[in-house]
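Enquirer: Please find the sequence and the predicted model below.
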Amino acid sequence: MNAPAFCHGIRHHGSDWPEFEDMAACAVIEPQAVAISDSGDPRAVYQTLLGADALRYLTLQVTGSKGSGHPGGFASSAEVHAALIMLGHTNIVTEVGHHAPGFYSSMFLDGSLEAMGIHTVEDMMARFRERHGLLGHLSGAIPGLLAPAGPLGQGQHFAMAGALLHPGVLFPVTIGDGGMGEPYVLNSMMHFHTAWPKVTNFLPVLVWNGYSQEHHSMVSRMSNAQMTDYWRGHGFEDIVLVDARDYDDAGQESPYVDSTLFSFDQRLAFTQAVLQGVDRASRSALAGRLTVFIIKQLKGAGVHASGAKSHNLYPRDTLDQPHIAESLKRRALPVGAWQIVRDNFSRAGGGPAAQCAVTERELANAPMPELRLHAYAPGESAVPSTAMGELVAQLGQADPRFIVTNADGNEASAMKNINDALKIRHPSADPLYNQVPEGQVYEPLNEDACAGLAAGLALFGARSLWLSYESFAINGWPIIQTVTQAMAELRRRTPSVVCMFTAGALEQGRNGWTHQRPEIENLFAGMMRNGNVYLLFPCDANSIQTAYRHAATSVNKGMVIVASKSALPVHMTLEQSQQAVEEGAGLIYRSAAGSRGHVVFAATGDMILQPVFAARDRLEAEGCRVSIVSVVNPRLLYRPTDVAWDTVSESEAGFMADERFNELFDADVLIGATGGPSAPLEPVLLRTRAGRRDVFCWKRGETTASADELMQFNGLTAQAMAGRALQLLDGAQR
């Protein structure tokens, strides 16, 4: 029999399996069907095992073609992945980036990779771990794959977001036992289930194979009963565990066994247990019970090595090496099996995942409302975070799917107006605390859970907002970073990830350094060069409104707003604020004249303007001309060549022209001023023509009685700023 064209590149073919002609005469998923009709059908079991071995074979050959990649972890999950496909549950996400070659193999088998020009196994090998190809870890660019995977502890957020947005659709998520606590995997699902007890259509699939990357997993010593109790203790009602050891007839001594070493009949028995167990677990999850499926099988089952030694390939592990070649021969399928697997996988779920996965089309959202902004008068005192809260409330009232997440609480950030309008989602109704079971504000005391749900919803196409203290944002930022990178690669439009971080260091004197960690702004600033990440510093209650409107109406971007929860003076009108967020910066003060020289302050933030204006008074008394420029959107102040703007989805340039930049920042002396670190001011310092310049920024935290005392501790005083400006002016005159 001639192999199908898509098989071009397969190195080894095997002989027919027992009863192959009867059990694989045609695909068990019929042409117009979306799944097998009976998980107990012997043909369905047989062809599920064919699918599992096809996945194993491709995973090993593709990784072996580059002597690079990770075959072992996915190999231990092959039966359960194939079972999910055969049951029509193809909206699968994963926590484990190292399972990428297995997921690519699945997308190849159902035909999804043809959308990126991969038609044959040879094509797949050529594009694996290459630019514009199949990245070493899942990204947002691969057709049919719902979500990226890289840092552990993230996949469940995507599954829960999908479940929330698509009732009646199952979202399995594979989780490795090596990463169960990295971080808060079960904890975040418990939080979610408490808030949305009826949303159970996500199915964690624990791949319990006994090993992590380079050693035994930390849960490898648990008994089956202990593992079951562990999940039950986190609220799971139905725990379906299939242990390969129960089917072993090869005399394996380890608690974790390799099912590919069983006799053929026992391989079928194990596969049947997996298929029927997944069927039971899927039905349970879709019927309203919080359910987990656990497959217990040795890491590396069926590939070149077992245990942690199977985790990844090295340059020496190439296809011509005996240990790789022999392993491929053991897993080689009959020639006729490949078309059977292709037919089943391409029909499951209604067609190739590249056509049918929920993330392959834009989610229809409620129309974006015309946000009603309040025009504060310049000189008036107003709380920026409260002003933004009014707009958040309007958006949530117009879009019932809109979710706000906040671990430390909106009231603590002077945004109680959000809770008043949208209500905290909590099973205990209590009007004193704005709690109702159907609220739109999610407040678990866990930044990972907050950031994860907000990021997952945005990636899957819905609007969301993560609110946090700047000092704690680092605990949730990794998934935001992952999702913004994925959004840079997406082939569809989706609402941007929007975050707002309040209670900056300067507001948290009495709490001490534990609440004073603005250094995270350096991370945000570094990401601005990615092309789709924007760090916004509104300077007052007017500019935070235009900044939030700008962020909430954008697509495929990461929008980070940093602002205060204290009452502060208003410096810009709404019109000026809108221009500043669209241009990158805005002039908020300029002296009429001055004989001693011109000093420009380039400031990010709001509270820092207090010592800046006080420094202005000192400098003007010395005969200087002073300008104060609020740097609201520093990403737009870079030069176009500084940013990878043209490499991202939904790309935008929008960089400030040199003429306008020079109009704002040309001076004898430029002083950068920020209550955080200096990196957000980098674009100004790169472009300024001022020969004399300096930066006043955050150094470290300390317990103080006031913001003024904390600024003094960091040298952020009017006296220091004015004195340095005069030194530079005198130097320039000399």
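Expert: Perfect, I can see it now.

Enquirer: so which strand or helix has L203?
Expert: strand 202-208 (DSSP states H and E).

Enquirer: can I get the CA coordinates of that strand in CSV?
Expert: Output of strand 202-208 as CSV, limited to C-alpha atoms (Å, rounded to 0.1, in the frame of the first residue of the first chain):
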residue,chain,number,x,y,z
PHE,A,202,-13.2,22.8,31.9
LEU,A,203,-11.4,19.6,32.6
PRO,A,204,-7.9,19.5,34.1
VAL,A,205,-6.0,16.5,32.9
LEU,A,206,-3.2,15.6,35.2
VAL,A,207,-0.3,13.9,33.4
TRP,A,208,1.1,12.1,36.4
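
Enquirer: now the angle from the next helix or strand after it to strand 202-208?
Expert: The first helix or strand that comes after strand 202-208 along the chain, using DSSP H and E, is helix 224-232. With axes from the mean of the first three to the mean of the last three CA atoms, to 10 degrees applied, the angle from helix 224-232 to strand 202-208 works out at 150 degrees.

Enquirer: Which secondary structure elements does the strand holding L203 sit against?
Expert: If you count contacts as 3 or more CB pairs under 8 Å, 6 or more residues apart in numbering; DSSP states H and E, strand 202-208 packs onto helix 78-86, helix 155-165, strand 171-176, helix 185-195, helix 224-232, helix 264-286, strand 291-296. Every residue, glycine included, has its C-beta placed from N, CA and C.

Enquirer: I'd like those as TSV, with mean pLDDT and distance to A585 appended.
Expert: Listed next are those as TSV, based on pLDDT from 0 to 100; distance: least, CB to CB, whole Å:
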stretch	mean pLDDT	distance to A585
helix 78-86	98	51
helix 155-165	97	35
strand 171-176	97	43
helix 185-195	95	39
helix 224-232	97	52
helix 264-286	98	51
strand 291-296	98	51
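
Enquirer: Low-confidence bits of this structure, can you list those?
Expert: Under the criterion pLDDT under 70, the flagged ranges of the chain are 1, 732-734.

Enquirer: longest helix in it, by residue count?
Expert: Longest helix of the chain, by residue count under DSSP state H: helix 42-66.

Enquirer: Just list what that helix packs against, helices and strands only.
Expert: Packed next to helix 42-66, using 3+ CB pairs under 8 Å, 6+ apart, are helix 20-23, helix 72-75, helix 78-86, helix 100-109, helix 121-127, helix 264-286, helix 322-331, helix 337-347.

Enquirer: So which of the helices and strands packed on strand 202-208 is the most surrounded?
Expert: Burial of the helices and strands packed on strand 202-208 is given as mean neighbour count (mean count of other CB atoms under 10 Å); helix 78-86 ranks first at a mean of 30.

Enquirer: What's the first helix or strand after it?
Expert: Next along the chain from helix 78-86, counting by DSSP H and E, comes strand 93-94.

Enquirer: Need the residues that contact that next one.
Expert: The contact list for strand 93-94 (CB atoms under 8 Å, 6 or more residues apart in numbering) reads 103, 138, 146-147, 149, 155, 158-159, 162, 171-175.

Enquirer: How far off centre is it?
Expert: 12 Å (CA atoms, centre = their mean, to the nearest Å).

Enquirer: Need the CA coordinates for stretch 247-257. PDB is fine.
Expert: C-alpha atoms of stretch 247-257 as PDB (Å, rounded to 0.1, in the frame of the first residue of the first chain):
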ATOM      1  CA  TYR A 247      -2.900  -3.200  33.200                       C
ATOM      2  CA  ASP A 248       0.800  -4.100  33.300                       C
ATOM      3  CA  ASP A 249       1.700  -7.600  32.200                       C
ATOM      4  CA  ALA A 250       5.300  -6.900  31.500                       C
ATOM      5  CA  GLY A 251       6.600  -7.200  35.100                       C
ATOM      6  CA  GLN A 252       7.600  -3.500  35.500                       C
ATOM      7  CA  GLU A 253       8.500  -2.800  39.100                       C
ATOM      8  CA  SER A 254       8.200   1.000  39.300                       C
ATOM      9  CA  PRO A 255       5.000   2.700  40.500                       C
ATOM     10  CA  TYR A 256       5.000   4.300  37.100                       C
ATOM     11  CA  VAL A 257       4.900   2.000  34.100                       C
END
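
Enquirer: Over to the closest residue to A429 other than its chain neighbours: give its phi and psi.
Expert: Excluding the flanking residues, the one nearest A429 by CB to CB, 6 or more residues apart in numbering is V436, at 5.4 Å. When read as degrees, to the nearest 10, the backbone of V436 gives phi -140, psi 150.

Enquirer: Name whatever forms a beta bridge with V436.
Expert: For V436, the beta-bridge partners under DSSP bridges are R425.

Enquirer: sorry, back to before: please name whichever of the helices and strands packed on helix 42-66 is nearest to G558.
Expert: Smallest distance to G558 across the helices and strands packed on helix 42-66 (CB to CB): 22.8 Å, for helix 100-109.

Enquirer: elements contacting that closest one?
Expert: helix 42-66, helix 72-75, helix 78-86, helix 121-127, helix 337-347, helix 353-356.

Enquirer: now those as JSON lines including distance to G675?
Expert: Output for the helices and strands packed on helix 100-109, formatted as JSON lines (distance: least, CB to CB, whole Å):
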{"stretch": "helix 42-66", "distance to G675": "48"}
{"stretch": "helix 72-75", "distance to G675": "44"}
{"stretch": "helix 78-86", "distance to G675": "49"}
{"stretch": "helix 121-127", "distance to G675": "47"}
{"stretch": "helix 337-347", "distance to G675": "55"}
{"stretch": "helix 353-356", "distance to G675": "47"}
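
Enquirer: what's the most buried one of those?
Expert: The most buried one of the helices and strands packed on helix 100-109 (mean count of other CB under 10 Å) is helix 72-75, showing a mean of 32.

Enquirer: what domains does the record give for this protein?
Expert: Annotated domains of the chain cover 5-20+40-360, 381-575, 583-733 [automatic domain parsing].

Enquirer: Now render these as a markdown table, adding distance to V28.
Expert: Listed next are these as a markdown table, based on distance: least, CB to CB, whole Å:
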| stretch | distance to V28 |
| --- | --- |
| domain 5-20+40-360 | 5 |
| domain 381-575 | 31 |
| domain 583-733 | 38 |
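
Enquirer: so which of these gets nearest M368?
Expert: domain 381-575 (6.0 Å).

Enquirer: end to end, how far does that closest one reach?
Expert: Domain 381-575 stretches 18 Å from its first residue to its last (CA to CA, to the nearest Å).

Enquirer: Could you verify my assumption that the residue nearest to A429 touches H426?
Expert: Yes. Between V436 and H426 there is a contact under CB atoms under 8 Å: 7.2 Å.

Enquirer: All the helices of the stretch 351-500 of the chain, residue numbers only.
Expert: Counting by DSSP state H, counting those that start in this stretch, the stretch 351-500 of the chain has helices at residues 353-356, 384-398, 416-422, 447-459, 477-487.

Enquirer: most tightly surrounded among the ones you listed?
Expert: Using mean count of other CB under 10 Å, helix 447-459 ranks as the most buried of the helices of the stretch 351-500 of the chain, with a mean of 29.

Enquirer: other SSEs contacting it?
Expert: Helix 447-459 is packed against helix 155-165, helix 185-195, strand 403-406, strand 441-442, strand 464-469, helix 477-487, strand 497-502, with contacts defined by 3+ CB pairs under 8 Å, 6+ apart.

Enquirer: List just the one of these that sits closest to G133.
Expert: helix 477-487 (16.3 Å).

Enquirer: and that closest one, how far from the chain's centre?
Expert: 4 Å.
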